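Colleague: no letters, just coordinates:
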């Protein structure tokens with residue numbers, strides 16, 4: 001029996017944050033609720049960030065309060081202690097604290113040095129148990145400002161955070177710079193050194209290698225992955241950043257491989273098509289265009 005793959009949907013946060021036109025709160029909630037109803041077990045629904053920095057997230061509290069929270073873990077991204085306080089007040093199950101291992105990107109993204117961001121997550125630990133904090137290590141494979149890395153760079157950051165009592169991490173390829181060989185090398189080295197930590201993977205399809213990188217990580221032993229419906233999203237503070245790995249494409253791949261994974265595929269496809277109408281443009285997802293692999297046509 002193959003190990004089950006666990007998906008975290010990030011449509012509400014990483015997906016919607018790049019949209020310049022305001023998405024009504026009820027529309028955000030409707031899309032998120034349909035993803036939840038499809039059986040996806042974890043939802044990163046929003047982020048508690050400055051509305052000046054990311055205007056699309058100004059209704060974070062309202063979104064958390066309105067979604068249907070049955071059989072679901074609800075996560076919110078936070079950049080600082082204030083964000084964590086607001087997330088806790090809203091009743092989230094987990095916070096995702098973003099820290100770029102690139103000094104340049106971290107300054108652009110959260111206006112802090114890496115050391116200042118590490119100090120920040122230590123402050124959040126005073127508010128909540130570390131088991132409810134996941135640290136996302138952004139630009140984990142390379143940075144558009146600083147270039148590609150070797151694995152020692154991220155291992156050093158994980159060691160520092162482990163010493164601070166943290167053991168939940170998401171490895172994020174923020175601008176889609178990784179390739180499958182690099183992915184295999186990094187994930188093998190990370191999980192070998194820290195076999196008891198939780199590691200998830202957050203990928204962007206910037207250079208068309210998202211699913212290939214995700215499958216390489218799966219073969220290297222990872223089972224927790226982020227994705228966004230329709231492949232929408234990106235980082236507002238990184239040049240060339242494009243959408244996330246597509247949720248329904250990932251679910252389709254694993255289901256047709258026979259790998260256990262939650263997610264009602266037809267419902268996800270229909271929701272992606274509905275979201276395409278909502279956003280008013282064609283989305284990057286592939287399965288929503290072609291249908292499932294077992295779809296047949298009249299000759």
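Modeller: Looks like it came in fine. As the structure is a computational prediction, the values presented were derived from the model and not from experiment.

Colleague: for the stretch 101-250 of the chain, which spans come out with low pLDDT?
Modeller: In the predicted model, the stretch 101-250 of the chain carries pLDDT under 70 at residues 235-241.

Colleague: how about the helices in the stretch 1-150 of the chain?
Modeller: Assigned by DSSP state H, counting those that start in this stretch, the stretch 1-150 of the chain shows helices spanning 25-37, 60-66, 81-90, 103-110, 114-125.

Colleague: so for residue 262, which of the ones you listed sits nearest?
Modeller: helix 25-37 (10.9 Å; Cβ to Cβ). For every residue, glycine as well, the C-beta is placed using N, CA and C.

Colleague: name the helices or strands packed onto the closest one?
Modeller: Applying 3 or more Cβ pairs under 8 Å, 6 or more residues apart in numbering; DSSP states H and E, one finds that helix 25-37 contacts strand 42-47, helix 60-66, helix 265-279.

Colleague: still on that earlier bit, redo the helices of the stretch 1-150 of the chain as JSON lines? Include mean neighbour count.
Modeller: Output for the helices of the stretch 1-150 of the chain, formatted as JSON lines (neighbours: other Cβ atoms under 10 Å):
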{"stretch": "helix 25-37", "mean neighbour count": "20"}
{"stretch": "helix 60-66", "mean neighbour count": "19"}
{"stretch": "helix 81-90", "mean neighbour count": "18"}
{"stretch": "helix 103-110", "mean neighbour count": "19"}
{"stretch": "helix 114-125", "mean neighbour count": "17"}
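
Colleague: nearest to residue 144, of those?
Modeller: Closest of the helices of the stretch 1-150 of the chain to residue 144 is helix 103-110, at 7.6 Å (criterion: Cβ to Cβ).

Colleague: show me what the closest one is packed against.
Modeller: Identification of packing neighbours for helix 103-110 by 3+ Cβ pairs under 8 Å, 6+ apart yields strand 94-100, helix 114-125, strand 133-138.

Colleague: closest to residue 88 out of those?
Modeller: Across the helices and strands packed on helix 103-110, residue 88 has its closest neighbour in strand 94-100 (7.8 Å, Cβ to Cβ).

Colleague: next, the angle from the closest one to strand 133-138.
Modeller: Computed with axes from the mean of the first three to the mean of the last three Cα atoms, to 10 degrees, the direction of strand 94-100 lies at 30 degrees from that of strand 133-138.

Colleague: contacts for strand 94-100?
Modeller: Residues outside strand 94-100 that contact it (Cβ atoms under 8 Å, 6 or more residues apart in numbering) are 44, 73-79, 83-84, 87-88, 106, 109-110, 114, 117-118, 120-121, 124, 128, 132-139, 143, 157, 170, 172, 174.

Colleague: paired strands for that strand, with orientation please.
Modeller: Under the criterion DSSP bridges, strand 94-100 sits next to strand 73-78 (parallel), strand 133-138 (parallel) in its sheet.

Colleague: thanks a lot, see you next time.
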